[in-house]
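Enquirer: Attaching a predicted model along with its sequence, questions to come.
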Amino acid sequence: MSNKPTAIAFLNTVIAGQIRQAYDQYVASDFRHHNPYFKGDRESLLLAMEESERNMPNKTFEIQRVLEEGDTIAVHSRLILQPGQPEMATVHIFRFQDGLIVEAWDIGQQSPEKSPNENGLF
């Protein structure tokens with residue numbers, strides 16, 4: 001059974017501002033993450049995401065592609081944190097166990113104002 005729908009639902013629920021609902025529904029209680037700006041536990045990242053939502057409630061998010069290999073899902077997305085800001089390419093990597101997210105990694109790259117690459121980030 002594919003975990004792609006769960007990964008997508010988690011991200012869409014988060015971007016809709018329903019952080020706790022997303023965690024309650026899709027994230028295991030023993031979840032850990034690898035974001036270097038926060039402690040590695042479930043509650044620390046949840047609180048950081050809630051703070052982000054309070055500070056930037058008008059984010060736009062568009063999934064570009066979703067890849068799956070075994071228990072791991074990678075989601076490449078287009079993100080704009082606030083209107084008028086440059087877009088970012090993000091990659092969320094989730095490891096699943098028993099249908100829940102048990103581990104996560106995330107990386108982001110802001111689109112440069114000028115780039116010699118005609119293909120862009122997407």
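Expert: Alright, I've got the coordinates.

Enquirer: distance of the spatially most central residue of the chain from Gln82?
Expert: The structure's the chain has its C-alpha centroid closest to His92; by Cα atoms, centre = their mean the separation is 4.7 Å. Going from His92 to Gln82 by Cβ to Cβ, to the nearest Å gives 20 Å. Backbone N, C-alpha and C define where each C-beta goes, glycine included.

Enquirer: Following the chain past the helix or strand encompassing Asp24, name the next helix or strand.
Expert: Secondary-structure element containing Asp24, defined by DSSP states H and E: helix 19-26. Proceeding N to C from helix 19-26, the next assigned helix or strand is strand 27-33, under DSSP H and E.

Enquirer: Packing partners of that following strand?
Expert: helix 42-55, strand 100-110 (3 or more Cβ pairs under 8 Å, 6 or more residues apart in numbering; DSSP states H and E).

Enquirer: So what does Asn35 look like in phi/psi?
Expert: Dihedral angles of Asn35 (phi, psi; degrees, to the nearest 10) stand at phi -70, psi 120.
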